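# Dropping a prediction and its sequence here:
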Amino acid sequence: MLDNHHIPVLLNEVKQYLIDENPIFIDGESVESFTFFDGTLGGGGYTKMMLELDPRINIIGSDLDNLAIQNFWEFTGLDQQTYESKTKFIQASFLDAVQSLPDKSLDGVVLDLGFSSNQMEIGSRGFAYLAKDQEEPFDLRFDETAGSPAYEVIKSLKSSKELGNIIFNYSGETLARKIAENLYNDIRQTPSKSVVTVAQALVAIRKGIPKQFLHKEYGILSRIWQALRIWINDELNILEQFLPVALKKLKSGGRLVVVDFHSLEDKIVTKWMRNMAEPISVNKFGVKTFLTKLKTRRGVEPTAEEVAANPRSRSGTLRCLEKV
């Protein structure tokens, strides 16, 4: 079986907010089936949990990366014959996938905005700056059939300043502009049809890191890679469009759960959920009408035990909104 390197983050908390405390599920003793949408299938951890939890649960799962869909049964170890009829997988962004579903058709929606460890280990698209094979292309696309690899997009920019602004805006990295200057110039100097590798990108980026910052190199590299990945895949724009669409697809009582790992993602989710939880009207008696209920006034973070077992979970935050 293919090794599943990804550990689902906040799994118990996702189960609690998405299912255990979901009014539709609690009151649904006589309901024949429930439908949940897993917008970022990844290593399949959330979907596996839901399928094993209750035989009435059906899952529509999507992932822009076909790696997740092709290897779902191997990653999860689930028996395909037993569960295949309860699953439907769509290779698309979570926005495109959820838009294709009927309104008020879902009992719950979960979105994990983290980066699957499987993509780093076996993705072959340069997602890991410490990749075992640094001759992987510096690509960074979730879907290789759409758009252009990172090195080509960078080469098409007008200046290193433009790249520096992009990296800084998505990461806050203070060395962004110096790093961008070296990365942009090195990539521009490669022959037009040559593939730029992770190793080449690393050489360029490291030239922009002063000696006094070398002890922080891994953190800097992590921020640079994350910023470029978010930019190349237009992740923040897609997230902003996804949230209101997902709400339309939920039944009354259904829940939207988002696990994010980046301050810009969390800002988008938090602001939108808080705005949606404001009353939509107040009658003359002061009675307020709400479209949604915010179930997490503060973001839910991993326990110390989870962080110790899975350090990549440390920046995860869960937020939940319930449709009234």
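Arrived safely, thanks for sending.
# Please count neighbours and contacts with C-alpha atoms only from this point.
Noted.
# check contacts around the nearest residue to residue 102 once chain neighbours are set aside.
Excluding the flanking residues, the one nearest residue 102 by CA to CA, 6 or more residues apart in numbering is residue 249, at 6.4 Å. By CA atoms under 8 Å, 6 or more residues apart in numbering, the contact list for residue 249 reads 98, 101, 102, 103, 104, 105, 106.
# Are any of these buried, and if so which?
98, 101, 105, 106 (16 or more other CA atoms under 10 Å).
# For this structure, which element, helix or strand, carries the lowest mean pLDDT?
Every helix and strand in the chain was compared by mean pLDDT, DSSP states H and E; the lowest is helix 117-122, with a mean of 64.
# C-terminal to that one, what's the next element?
Where DSSP states H and E defines the elements, the next helix or strand beyond helix 117-122 is helix 150-156.
# What residues sit buried inside that next one?
Buried-residue list, helix 150-156, by 16+ other CA under 10 Å: 150, 151, 152, 154, 155.
# Pull the residues that contact that helix.
For helix 150-156, contacts defined as CA under 8 Å, 6+ apart pick out 138, 139, 140, 141, 163, 184, 187, 188, 195, 196, 228, 232.
# all strands of the stretch 101-250 of the chain, in order?
Assigned by DSSP state E, counting those that start in this stretch, the stretch 101-250 of the chain shows strands spanning 106-112, 250-260.
# Okay, now the sheet partners of the longest one, with direction.
Here the strand partners of strand 250-260, with direction, are listed using DSSP bridges: strand 106-112 (parallel), strand 317-323 (antiparallel).
# which residues touch it?
Against strand 250-260 from outside (CA under 8 Å, 6+ apart): 10, 14, 17-18, 22-24, 103-114, 246-247, 266, 269, 316-324.
# pLDDT of that strand, averaged?
For strand 250-260, the mean pLDDT works out to 98.
# how about the CA coordinates for that strand, as PDB?
Written as PDB, here are the backbone C-alpha positions of strand 250-260 (Å, rounded to 0.1, in the frame of the first residue of the first chain):
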ATOM      1  CA  LEU A 250     -25.900  23.900   3.200                       C
ATOM      2  CA  LYS A 251     -29.300  22.800   4.600                       C
ATOM      3  CA  SER A 252     -30.700  24.700   7.600                       C
ATOM      4  CA  GLY A 253     -28.700  23.500  10.600                       C
ATOM      5  CA  GLY A 254     -25.800  22.500   8.400                       C
ATOM      6  CA  ARG A 255     -22.300  23.500   9.400                       C
ATOM      7  CA  LEU A 256     -19.300  24.900   7.600                       C
ATOM      8  CA  VAL A 257     -16.000  24.000   9.300                       C
ATOM      9  CA  VAL A 258     -12.700  25.600   8.000                       C
ATOM     10  CA  VAL A 259      -9.200  24.600   9.300                       C
ATOM     11  CA  ASP A 260      -6.600  27.200   8.200                       C
END
